[in-house]
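Enquirer: my questions concern the predicted model and sequence given below.
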Protein chains: 2
Amino acid sequence: MKLLNDTISKIEKIDGSFAVETKRRLDNLTKPLGSLGRLEDLALQVVEITRLKNPQLKNKVIFTFAGDHGVTQEGVSAYPKEVTPQMVYNFLRGGAGINVLARHVGARVVIADLGVAVDLEPDPQLIIKKVGLGTQNMAQGPAMTKEQAIESIENGIAIFEQEFKNGIDIAATGEMGIGNTTAASAITSVITGQPVEKVTGKGTGIDDKTLEKKMVVIKKAINTNKPDPKNGIDVLMKVGGYEIGGLTGVILAASARRVPIVIDGFISSAAALIAVTIEPKCKDYMIASHFSVERGHRIAWEYLGLKPILDLNLRLGEGTGAALAIGIVEAGVKILNEMATFEAAGVSEKNA
Amino acid sequence: MKLLNDTISKIEKIDGSFAVETKRRLDNLTKPLGSLGRLEDLALQVVEITRLKNPQLKNKVIFTFAGDHGVTQEGVSAYPKEVTPQMVYNFLRGGAGINVLARHVGARVVIADLGVAVDLEPDPQLIIKKVGLGTQNMAQGPAMTKEQAIESIENGIAIFEQEFKNGIDIAATGEMGIGNTTAASAITSVITGQPVEKVTGKGTGIDDKTLEKKMVVIKKAINTNKPDPKNGIDVLMKVGGYEIGGLTGVILAASARRVPIVIDGFISSAAALIAVTIEPKCKDYMIASHFSVERGHRIAWEYLGLKPILDLNLRLGEGTGAALAIGIVEAGVKILNEMATFEAAGVSEKNA
């Protein structure tokens, strides 16, 4: 609990002290006022977070965490849970979607096992920070103990802190875990107060009948465990997952280090909901990557008050949407750093 | 007229013969079916256009054309027309938005003067293909002669063909020309049949009073010249611009060479409207980059039946939105080329 409390205590409010000067610089660049829209907003946000006038996004790091979910016993997923470890090996060999897109934007991927249900083969690229061999079935009782919830968050913080030594200018969340849209829907319903029907989707591709069952299971999990919406750790413990807790830790740690943190898909937004429930100030450090096909994602973004950068019908997770969004954020930062001003370029300004 | 007719005659219909195999390959990659949404669609489109199973987008070329507009005499712009040549020099020095974003996605920018109102200083990077020293004032009569309209299109084709010798795997349009949203609104109104009010916006940032005047001027130009909506060259001649004609040529030439062509902002979409009016088959070669703030842009996309990739509140032009979109298209192509299959990665497929 000490690592978590120390991290929370370091998260500062964004005070806006860089806003006026940065806006003035953006307005002096050779373009009509505000004509680069969202790119300008993103550049400003990165300056405010980092307190650097000319931030460089050299070290881009995507944290892709894996964990299994006891609730898969209820038959809520389209894929067998063996896919979780299989996909971790795919990540390690560089063949998954996140590997391709991370390479595309020049990001490195940090792969960690927060709670896969089997022991994975050691690999120099794989961080093992297992909290358990998969969570318990949340339809029957809490997904984990309170100690495990805290441990998963602190493991995420520790992984971030270890990687921070190698440099992180921008971070992103990503995950893999068969069954984790079920947990994410439960978390989103509890924290936002929206009915289960509105935040539950087809995940990796279940049919309508399985979707019905998935909703029944989520309702049962919420009714059985009665998580406290105001208590992020309680929600994580009762209806969460180890990889989700790990990502909550990454979000808190990034905020404490004043590193912009790009939130990926629906499961990542559930981790973000837990993070803001624990410490609301971390919201200002978040950048929403995209609108997922998964219906609860929009509700999570609305609750967080974040406007996603992209809308590309993605629903893969792993950090794939966040990787693409990093490319756009970097474009915004380069606009700020590299464009000529009216004066330097000898370009006339607007008619009076 | 021969170069234009030859180019048009080479544009083939996309026949879909690569669709089944490419979809099968995308479906075999280690991800839930269709879960990379738009990225998969874009990869498929590039395969169908190029007829390459594994297209490589190594040579990315953005054609940024400049031209002046006689209609600026009517006071429809926020900036003086001197800004057109000043911005060309800014492009040549690498300080403009398009330079920054092209570098970001690894594209080269081809800068050409299709009709700036002054003679520009020679520069090894600047292609001079002037059709005239700015167009005539379309509120008083045709913007150019029929011969000039054809010349502007053929100049665009010639510039594309010259650059094609250096390799082009994906192309994009971009432009600079004070007054050219006025021409683009007129073109969009004529070709789509929508009223001037629905397709006219604030361009680089005019006030409400100037916007009123701009609409009056556009209506006058259309009523005076009576362009034939079914005749792209007639529309270009009467209410178009030299840089717009040049981009029409680039779009037709790219289609003839089976090169995907990314359409940038509102002025580029007006060039696309002229291109499909001349040869409807070129539509399949187009990729819509983004939704501009400029209101007519949505109407142009709807008419073209294209769905933009991005929505970032941009309204700069130059090719900036297209540059960002190229980054997303390339991501899609890399997914197709680089992701592991279920079989190769030893990942279990979906439950039966």
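Expert: Arrived safely, thanks for sending. Residues are numbered from 1 along each chain as shown, chains lettered A, B, ... in the order given.
Enquirer: how close does the residue positioned nearest the centre of chain A sit to residue B:56?
Expert: By CA atoms, centre = their mean, chain A has its centre lying nearest to residue A:263, at 3.2 Å. The gap separating residue A:263 from residue B:56 is 32 Å, by CB to CB, to the nearest Å. All C-beta spots, glycine's among them, are computed from the backbone N, C-alpha and C.
Enquirer: which non-adjacent residue is nearest residue A:292?
Expert: Counting by CB to CB, 6 or more residues apart in numbering or on different chains, residue A:265 is the residue found nearest to residue A:292 once chain neighbours are left out, at 4.7 Å.
Enquirer: next, the one you found: phi, psi?
Expert: phi -90, psi -160 (degrees, to the nearest 10).
Enquirer: residue A:214 contacts residue A:197, correct?
Expert: No - using CB atoms under 8 Å, residue A:214 makes no contact with residue A:197, being 10.7 Å away.
Enquirer: neighbour count winner among these two?
Expert: Per other CB atoms under 10 Å in any protein chain shown, whichever of residue A:214 and residue A:197 has more neighbours is residue A:214, with 25 against 13.
Enquirer: per-residue confidence for that one?
Expert: pLDDT for residue A:214: 97.
Enquirer: ramachandran angles for it?
Expert: phi -60, psi -40.
Enquirer: who's in contact with it?
Expert: Residues near residue A:214 by CB atoms under 8 Å, 6 or more residues apart in numbering or on different chains: A:76, A:182, A:185, A:200, A:203, A:206.
Enquirer: check pLDDT for those and point me to the minimum.
Expert: Ranked by pLDDT, the contacts of residue A:214 bottom out at residue A:203, which has 88.
Enquirer: burial measure for that residue, as a count.
Expert: Using other CB under 10 Å, residue A:203 has 28 neighbouring residues.
Enquirer: do the same with residue A:130
Expert: 20.
Enquirer: that one against residue A:117, yeah?
Expert: No - with contact defined as CB under 8 Å, residue A:130 does not count as touching residue A:117 (9.8 Å).
Enquirer: next, the contact list for residue A:101, please.
Expert: By CB under 8 Å, 6+ apart, the contact set of residue A:101 is A:319-320, A:323-324, B:331, B:334-335.
Enquirer: counting neighbours, which of those comes out on top?
Expert: The member of these that has the most neighbours, counting by other CB under 10 Å, is residue A:319 with 37 neighbours.
Enquirer: could you pull up the residues touching it?
Expert: Counted by CB under 8 Å, 6+ apart, residue A:319 has contacts A:62-64, A:98, A:101-102, A:109, A:172-175, A:264, A:268.
Enquirer: now render those as TSV, adding pLDDT.
Expert: Listed next are those as TSV, based on pLDDT from 0 to 100:
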residue	pLDDT
A:62	98
A:63	99
A:64	98
A:98	98
A:101	98
A:102	98
A:109	98
A:172	99
A:173	98
A:174	98
A:175	98
A:264	98
A:268	98
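Enquirer: between those residues, which is nearest chain B?
Expert: For the contacts of residue A:319, the residue nearest chain B by CB to the nearest CB is residue A:101; the value is 5.9 Å.
Enquirer: just want to check the distance between that closest one and residue B:68.
Expert: 42 Å.
Enquirer: kindly report the same for residue A:164.
Expert: 52 Å.
Enquirer: how about residue A:75?
Expert: Distance, residue A:75 to residue B:68, by CB to CB: 67 Å.
Enquirer: more neighbours: which of these two?
Expert: Counted by other CB under 10 Å, residue A:75 and residue B:68 do not tie: residue B:68 has more neighbours, with 29 against 12.
Enquirer: how many neighbours does the residue nearest to that one when sequence neighbours are not counted have?
Expert: Among residues not flanking residue B:68 along the chain, residue B:134 sits closest, at 3.4 Å (CB to CB, 6+ apart). Using other CB under 10 Å, residue B:134 has 27 other residues around it.
Enquirer: what sits against the residue nearest to residue A:292?
Expert: With contact taken as CB under 8 Å, 6+ apart, residue A:265 is in contact with A:289-290, A:292, A:294, A:297, A:314-317, A:320-322.
Enquirer: okay, and which of these map to helices?
Expert: Here DSSP state H is the test, and those give A:297, A:320-322 as lying in helices.
Enquirer: JSON lines please, covering these and showing pLDDT and distance to residue A:12.
Expert: As requested, the ones in helices among the contacts of residue A:265 are arranged in JSON lines below (pLDDT from 0 to 100; distance: CB to CB, whole Å):
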{"residue": "A:297", "pLDDT": "97", "distance to residue A:12": "28"}
{"residue": "A:320", "pLDDT": "98", "distance to residue A:12": "30"}
{"residue": "A:321", "pLDDT": "98", "distance to residue A:12": "27"}
{"residue": "A:322", "pLDDT": "98", "distance to residue A:12": "23"}
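Enquirer: farthest pair in the residues you listed?
Expert: A:297 and A:320 (13.6 Å; CB to CB).
Enquirer: phi first, then psi, for residue A:262.
Expert: Dihedral angles (degrees, to the nearest 10) for residue A:262: phi -90, psi 120.
Enquirer: tell me what it is bridged to.
Expert: Residue A:262 forms beta bridges with residue A:172, residue A:287, as assigned by DSSP bridges.
Enquirer: get me the contact residues on the stretch 1-150 of chain A for chain B.
Expert: A:29-33, A:35-39, A:77-80, A:82-83, A:86-87, A:89-90, A:93, A:95-97, A:99-101, A:103-104 (CB under 8 Å from any CB of the partner chain).
Enquirer: tell me the pLDDT at residue A:10?
Expert: 98.
Enquirer: pretty sure it sits against residue A:258.
Expert: No - contact criterion CB under 8 Å: residue A:10 and residue A:258 do not qualify, at 9.2 Å.
Enquirer: and chain A, what are its domains?
Expert: As given by automatic domain parsing, the domain ranges for chain A are A:2-55+A:336-345, A:60-328.
Enquirer: looking at those, which is buried most?
Expert: domain A:60-328 (a mean of 23; mean count of other CB atoms under 10 Å in any protein chain shown).
Enquirer: how long is it end to end?
Expert: Start-to-end span of domain A:60-328 (CA to CA, to the nearest Å) is 13 Å.
Enquirer: next one: that domain to chain centre, how far?
Expert: How far domain A:60-328 lies from its chain's middle: 7 Å, per CA atoms, centre = their mean, to the nearest Å.
Enquirer: thinking again about what came up before, what's the most distant pair in the contacts of residue A:214?
Expert: Using CB to CB, the pair of the contacts of residue A:214 lying farthest apart is A:185 and A:206, separated by 12.1 Å.
Enquirer: what ranges do the strands span in chain A?
Expert: With DSSP state E as the criterion, chain A has strands at A:60-67, A:107-115, A:126-128, A:170-176, A:261-263, A:286-288, A:290-292, A:310-314.
Enquirer: bridging residues for the closest residue to residue A:162 other than its chain neighbours?
Expert: Nearest residue to residue A:162 in three dimensions, chain neighbours excluded: residue A:127, at 7.9 Å (CB to CB, 6+ apart). Beta-bridge pairing for residue A:127 (DSSP bridges): residue A:112.
Enquirer: before we move on, the earlier item: and the residue nearest to residue B:68, what is it in contact with?
Expert: Residue B:134 makes contact with B:67-70, B:81, B:115-117 under the criterion CB under 8 Å, 6+ apart.
Enquirer: likewise residue A:143?
Expert: With contact set as CB under 8 Å, 6+ apart, residue A:143 has these partners: A:69-71, A:135-137, A:183, A:237-241.
Enquirer: need those in a markdown table (columns: pLDDT).
Expert: Formatted as a markdown table, those follow (pLDDT from 0 to 100):
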| residue | pLDDT |
| --- | --- |
| A:69 | 98 |
| A:70 | 98 |
| A:71 | 98 |
| A:135 | 98 |
| A:136 | 98 |
| A:137 | 98 |
| A:183 | 98 |
| A:237 | 98 |
| A:238 | 98 |
| A:239 | 98 |
| A:240 | 98 |
| A:241 | 98 |
